[in-house]
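Asker: Turn this into a structure:
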Amino acid sequence: MSEIRRIGVTQRWSDIVVHNGTAHFVEVADEPQQNVRGQVAQILTQIDGRLATIGSNRTRLLQVLIYLADLSDGPILNELWDSWVPQGNAPARACVQAGLSPGYRVEMVVTAAADA
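Answerer: Here you go, the predicted model:
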């Protein structure tokens, strides 16, 4: 049976769950009072930190599911995303509109390859 490693465990969630060399985590802005540009920038920086925690990096992203409170924020998201994702290493990605908690403009669900 494969080990499941949980990092940052609380009653409701874990910050990161790693199983069979694959990490799963969710990011929302630490400072939701920021506009969408600020929130996306924060989340991308937070993803870098989570990846470093598991010995991974942006080139090992497998899939990112992005939830936007308003799809009209898509161009801002794409501008920041395109400069952040390493060329030739884009993960599978979906972007949908969703009802998020008040103040939050974006949420990202990340799957990445991790060092065991």
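
Asker: Let me know the secondary structure of Gly55.
Answerer: Following DSSP: H, G, I helix; E, B strand; the rest coil, we place Gly55 in the coil state.

Asker: And the closest residue in space to it that isn't next to it in sequence, how close does it get to Thr22?
Answerer: Sequence neighbours aside, Asp115 is the residue nearest to Gly55 in space, at 3.5 Å (criterion: Cβ to Cβ, 6 or more residues apart in numbering). Yep, even glycine has a C-beta here, placed from its N, CA and C like the rest. For Asp115, the distance to Thr22 (Cβ to Cβ, to the nearest Å) stands at 11 Å.

Asker: Also Val85?
Answerer: Distance, Val85 to Thr22, using Cβ to Cβ: 19 Å.

Asker: How about Ala94?
Answerer: According to Cβ to Cβ, Ala94 stands 18 Å off from Thr22.

Asker: Show me which of these two is the more surrounded one.
Answerer: Neighbour totals were compared for Ala94 and Thr22, and Thr22 leads with 15 against 10 (other Cβ atoms under 10 Å).

Asker: Which residues are in contact with that one?
Answerer: Leu62, Thr111, Ala112, Ala113, Ala114 (Cβ atoms under 8 Å, 6 or more residues apart in numbering).

Asker: Quick check: ChimeraX command selecting the buried ones in those.
Answerer: Only the buried entries of the contacts of Thr22 go into this ChimeraX selection, using 16 or more other Cβ atoms under 10 Å:
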select :111,112,113,114
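
Asker: Poorly predicted segments of this structure, please.
Answerer: Applying pLDDT under 70 to the chain flags residues 1, 116.

Asker: Strands of that one, residue ranges please.
Answerer: Remark: strands assigned in the chain by DSSP state E are 4-9, 14-19, 22-28, 61-68, 92-97, 106-113.

Asker: Distance from the chain centre to the first one, please.
Answerer: In terms of Cα atoms, centre = their mean, to the nearest Å, the centre of strand 4-9 is found 17 Å from the chain centre.

Asker: Give me the helices and strands touching that strand, please.
Answerer: Secondary-structure packing of strand 4-9 (3 or more Cβ pairs under 8 Å, 6 or more residues apart in numbering; DSSP states H and E): strand 14-19.
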